[in-house]
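Asker: Pasting the sequence and the predicted coordinates here, then a few questions.
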There are 2 protein chains.
Amino acid sequence: MDKPEQKSEQKSEAAAQEAALFRAFAENFRWDDVSLLAYKEEGSAPFRSITRQVLFKDEALHCELRYFEVAPGGYSTLERHEHTHGVMILRGQADVLVGDAVREVGTFDLVRIPAMTWHQFRTRGSEPMGFLCMVNVERDKPQLPSEEQLAELKRNSVIAGFLNAG
Amino acid sequence: MDKPEQKSEQKSEAAAQEAALFRAFAENFRWDDVSLLAYKEEGSAPFRSITRQVLFKDEALHCELRYFEVAPGGYSTLERHEHTHGVMILRGQADVLVGDAVREVGTFDLVRIPAMTWHQFRTRGSEPMGFLCMVNVERDKPQLPSEEQLAELKRNSVIAGFLNAG
């Protein structure tokens, strides 16, 4: 027969394994056993009021699924990179810039961010805005616009209106 | 100056490109520009009342994001494979089998399907149940249980209760 200590260890291991298989949705768009992380290192790039949770990151999967949440008035970094994003809005509303297109999006709308395309998410209204983002595990670092690139972007009145909204 | 035909062509190309960047969520858990597909080839495996939509499938992304929807009383195939799944429930409720664990899940709950682990989704209640499933683009074919494997699974009373529920 197992000693009580061994049984308890086996039980807690089994519980941990099961917890990793099933992670329940909790209040305020948190998930059990999922940490609330900073969006990026503070000061590394311009952004406002945004958090990150990694929902799936697994050696066997070649992509990660992350959940980002932006508080009212917040925005993600204006950036571009070689890797691409597949995005689904989960809550709230946003104005989204992709290339030279600006769109209002809401719950369950899809956004595709192609390679080397300037993009940014900005909340609309008074509700938090949350979105899923699928991305390759192996990926390049985001690029920020230079002063010249930003000036060039702002020559497009639609983009200028979007960027000046905050 | 462009001829009217050229302008019209340019405009429709631009519209198609923009449509591919932004695809709006539509009624009944459909998305603009996303086809409703059969879950699998009819007769290839046991399943009931389930459809598939591919939300992101892109040469640059190493995973796909699919949305599966199961009508009340329906279920996915009981199967296993080397590749893994990251699943998020989007609507409704289900009983889910993963290995020897059965759990009731609902909207935004997460389920991880490890390699070579028997799994199945069954709806609960009278609402359709829909879920996102992230999967590697390159993956092996699902395996169905043999008669012997099914008998072995059913020796576990929890699994037997789950499989006999339909």
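Answerer: Structure received. Residues are numbered from 1 along each chain as shown, chains lettered A, B, ... in the order given.
Asker: Following the lowest-mean-pLDDT helix or strand in chain A in sequence, what is the next regular element?
Answerer: The helix or strand of chain A with the lowest confidence, counting by mean pLDDT, DSSP states H and E, is helix A:4-21 at a mean of 55. For helix A:4-21, the following helix or strand on the C-terminal side (DSSP states H and E) is strand A:22-23.
Asker: does any bit of that following strand sit next to chain B?
Answerer: Yes. Against chain B, strand A:22-23 shows contacts by C-beta under 8 Å from any C-beta of the partner chain at A:22-23. C-betas here are computed from N, CA, C, even on glycine.
Asker: So what are the sheet partners of that strand and their directions?
Answerer: strand B:110-113 (antiparallel) (DSSP bridges).
Asker: ok, residues contacting the strand it pairs with?
Answerer: Strand B:110-113 is contacted by residues A:20-25, A:31, A:34, A:55-56, A:58, B:84-89, B:96, B:98, B:103, B:105, B:119, B:131 when judged by C-beta atoms under 8 Å, 6 or more residues apart in numbering or on different chains.
Asker: ok, now stretch A:91-103?
Answerer: A:29, A:69-70, A:78, A:104-107, A:111-114, A:117-125, A:127-131, A:156, A:158-159, A:161-163, A:165, B:18, B:21-22.
Asker: Give me the buried subset of the residues you listed.
Answerer: A:29, A:69-70, A:78, A:105, A:111-114, A:117-124, A:128-131, A:159, A:162-163, B:21-22 (16 or more other C-beta atoms under 10 Å in any protein chain shown).
Asker: Narrow the residues you listed to those in strands?
Answerer: Residues of the buried ones among the contacts of stretch A:91-103 located in strands (DSSP state E): A:69-70, A:105, A:111-113, A:119-124, A:129-131, B:22.
Asker: Just name the closest of these to A:Val137, please.
Answerer: Here the nearest of those to A:Val137, counting by C-beta to C-beta, is A:Ile113; it sits at 16.7 Å.
Asker: pretty sure A:Val137 is touching A:Cys63, no?
Answerer: Yes. Between A:Val137 and A:Cys63 there is a contact under C-beta atoms under 8 Å: 6.4 Å.
Asker: Which residue ranges of chain A form helices?
Answerer: Counting by DSSP state H, chain A has these helices, from start to end: A:4-21, A:147-154, A:157-163.
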